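Asker: Here's a sequence, model it:
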Amino acid sequence: MATVYLPSGLRQFADGAESVVVDAPRIHELLTLLAERYPAMRESLEETAVAIDGVVYQQPGYQPLRPDSEVHLVPRIAGG
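Answerer: Residues are numbered from 1 along each chain as shown. This next block holds a predicted model:
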């Protein structure tokens, strides 16, 4: 099961947890399960980049996860 590390802005939706464990084969399913578990987080998840085992993905789509994967949700930075 992947360990998902939440940024401070999302912790409020997960009862203050810094990380949660999610059993999902790909990032798409992981994000879906997080949104189901924490409905108030759903909108914020759509605006989040994802780092899987140290590699950042702006659009992670269907990136596979290993059972020991570490997933960091990263707020996207707007630039101009």
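
Asker: Tell me the pLDDT of residue 79.
Answerer: pLDDT for residue 79: 58.

Asker: Tell me which residues of the lowest-mean-pLDDT helix or strand in the chain come out buried.
Answerer: Of all helical and strand segments in the chain, the minimum by mean pLDDT, DSSP states H and E falls on strand 55-57, at a mean of 90. Within strand 55-57, no residue is scored as buried using 16 or more other C-beta atoms under 10 Å. C-beta coordinates here come from the backbone N, C-alpha and C atoms, glycine included.

Asker: Tell me the first helix or strand C-terminal of that strand.
Answerer: Once strand 55-57 ends, the next helix or strand along the chain (criterion: DSSP states H and E) is strand 70-75.

Asker: Counting by contacts, list what that next one packs against.
Answerer: strand 2-5, strand 48-52 (3 or more C-beta pairs under 8 Å, 6 or more residues apart in numbering; DSSP states H and E).

Asker: re earlier: what sits up against the least confident helix or strand of the chain?
Answerer: 27, 49, 50, 51, 63, 74 (C-beta atoms under 8 Å, 6 or more residues apart in numbering).
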